[in-house]
Each structure stands twice: as C-alpha cells, then as structure tokens.
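Novice: Structure for this input, please:
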Amino acid sequence: MDDIVSGSFTQRRWQFWRPQSIRVVDWNIDRGLRLPEIADFLASQQADLIILQEVDLNARRTRRVNVAEELARKLGMNFVFGREFEELTQGSPRSAAYHGQATLSRWCLSNPRIIRFRSQSGFWRPRWFLPRTSPFQERLGGRIALATEVSIPGTILTIYNLHLESRGSDELRLSQLQETLDDSATYSHATPVLVAGDLNFDISRGAAASAVQQAGFRNVFGQSQFGTRPPHNLFGNARSIDWALLAGEPQATLAKVHTSVKASDHYPISFTLRF
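Specialist: Model (predicted):
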C-alpha cells in the first residue's frame, strides 16, 4: 500500500535558470470518472504542477485505467501516485484496485513518500455483514498525505498532496492536517512548501486557522471567500473544502475557482506561484 507508482512522459529540456513563475492546478477529480473532460481542462490550463485527489488505479468504475499515468501521458508530464485505499468492490480476484492521490509536474519529481495519518475513521473498513458491492465502498488503508519534492531550476519546492477524512469530525480532520504541518516543519525555513488538496472542512477560522498560521502558512486565496464543492441542491451553498496553503518565498497570484467545470463533484482551483 505504501509503494509509490511513478512514471515520466516529459521531453528532455535544458533550463539552467529558475522560472519567474509556475502555474498550479489542484483538483479532486472524483476518481477520474469523466477522464476525457478532466484531461481537456487540465490541458487548457497549461499547468506546470498538478495536484490531484480521488485518482483511480485499475478500478472497474473507471475501466481499469491507471488514471494518473493516462493523464501524465496525455499532458507530457512526470507523475507520482500514492495509494490511499484498496477498493475492495472495484478490483478482481487477480488484480486489486486502488484509489489515491497523484502529483504531476513538468519538472523532476523526487523523494516521494506517503504519510498515512495516525488518526483514521473506521467507517470504511470491511464488515462481515456487508456485501461486497459498490454502494458500501468497503476499503483497506487510510487517508494519506503524498509528499514530493519538485526540482525546479534554482529551487526545490516541497508538495504535500492531501485528502483528509470525509467521515467523522472536524477534530479528526484537524489532527490529520496538524500531522502534515508538523512534518513540514522538518524542512529548512528556506524551503518553499505547498500544502494542497481536499481537506473536507473549512480551515478559515477557529483552531484550524490558528494551526495554519502558527505553522507559517498562508492561504493562496488571501481573505477571499470561495466555494469549491458545488451545492447538493438549488437552495444550498458551495462549500470551501479544497485549499492550497503556501509557506516560504513564493507569492501566489491569479487564484481562481473554476466553477464552470462540471467534470467532477469538486471545482478545480488554479493559481500562479511567482518567485
């Protein structure tokens, strides 16, 4: 479960100076169920760095495709994939199916590792009285952060790709976020760090906001109000649950939620990091 899947589809290029900026997209892609539309949107953004959650590997519902590899191939990027869960209702007796996070980059990706959070919900574990059918989503594993270093000329950018628990309390999600922030403190203060993903709760206030601030991170959207999860009905409001947090020298600009994109049950967010 903790093995990293990786691949490279970039063309060799020589660049010896640090770029002035890089383009970033973060998105929960709902397993990749609408893969052609997802690929078209990502291609339209011309991103240098893509951070994805809910990515399938060999699942029946997504036609047994390695979604991370397929996107990396189409976009001409490097990728790493970390397994969050084994999807017990999506595999076959001879071939397991997985679900997790993927980070794609036009630059070299190095030192990928999985942080499997100490605190987990028991909601997903298999139970003898539940049938092995898709509606019950029985799984093995647990929520993770996929940590990766991106070797941009002139600097190393550390990425934490998060998917926090959707079941359970905000206290559980906060403990998982805090574990990530504590891990990021092991890097030098000179190392820029980006924490991004589906956090499944609003971290703009209360204990979560205090933890983020104390760890030296700032929201790439500043003080702007935004929603990244569409409302469930006509009378609901979009929820702010997908976030990108930045520490270090780079400055985030041009942050945007792409509310016109309907290829997932989350809206993608994009922004530019300027050095």
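
Novice: Neighbouring strands - and their directions - for the helix or strand of the chain with the lowest mean pLDDT?
Specialist: Lowest on mean pLDDT, DSSP states H and E among the helices and strands of the chain sits strand 139-141, with a mean of 94. Strand 139-141 pairs in its sheet with strand 78-87 (antiparallel), by DSSP bridges.

Novice: What's the first helix or strand after the strand it pairs with?
Specialist: strand 98-105 (DSSP states H and E).

Novice: That following strand vs strand 78-87, what angle?
Specialist: Angle, strand 98-105 to strand 78-87, by axes from the mean of the first three to the mean of the last three CA atoms, to 10 degrees: 170 degrees.

Novice: Strand 98-105 pairs with which strands?
Specialist: Using DSSP bridges, strand 98-105 pairs in its sheet with strand 49-57 (antiparallel), strand 78-87 (antiparallel).

Novice: If you average the pLDDT over the last one, what comes out?
Specialist: Put plainly, it is strand 78-87. The average pLDDT within strand 78-87 is 97.

Novice: For L57, give me its contacts.
Specialist: The contact partners of L57, taken as CB atoms under 8 Å, 6 or more residues apart in numbering, are V5, N66, V67, A68, F81, R83, A97, Y98, H99, G100. All C-beta spots, glycine's among them, are computed from the backbone N, C-alpha and C.

Novice: which stretch of helix or strand covers the nearest residue to F271 once chain neighbours are set aside?
Specialist: Once flanking residues are discounted, F271 sits nearest to A255: 4.1 Å by CB to CB, 6 or more residues apart in numbering. According to DSSP H and E, A255 maps onto strand 251-257.

Novice: can you list contacts of the following helix or strand past that strand?
Specialist: Scanning forward in sequence from strand 251-257 by DSSP H and E, the next helix or strand is strand 269-274. Strand 269-274 is contacted from outside by 20-27, 45, 47, 157, 194, 220-221, 226, 228, 242, 244, 246, 250-258, using CB under 8 Å, 6+ apart.

Novice: of the residues you listed, buried ones?
Specialist: For those, a neighbour count by 16 or more other CB atoms under 10 Å gives the buried set as 22-27, 45, 47, 157, 194, 220-221, 226, 228, 242, 244, 246, 250, 252, 255, 257-258.

Novice: Now do the buried residues in the least confident helix or strand of the chain.
Specialist: In strand 139-141, counting by 16+ other CB under 10 Å, buried: R139, G141.

Novice: After that strand, which helix or strand is next?
Specialist: strand 144-152.

Novice: Report the residue spans of this structure with pLDDT below the cut-off.
Specialist: Scanning the chain for pLDDT under 70 picks out the ranges 13-16, 128-136, 233-235.

Novice: all strands for it, in order.
Specialist: In order along the chain, the chain carries the following strands (DSSP state E): 4-8, 21-31, 49-57, 78-87, 98-105, 108-116, 139-141, 144-152, 155-163, 193-198, 218-219, 242-247, 251-257, 269-274.

Novice: Now for D202, how many residues are close by?
Specialist: When counting by other CB atoms under 10 Å, one arrives at 15 neighbours for D202.

Novice: ok, it - contacts?
Specialist: A208, R239, S240, I241.

Novice: closest to F9 among those?
Specialist: Nearest to F9 among those: I241, at 30.5 Å, using CB to CB.

Novice: what's the spacing between that closest one and G197?
Specialist: 10 Å (CB to CB, to the nearest Å).
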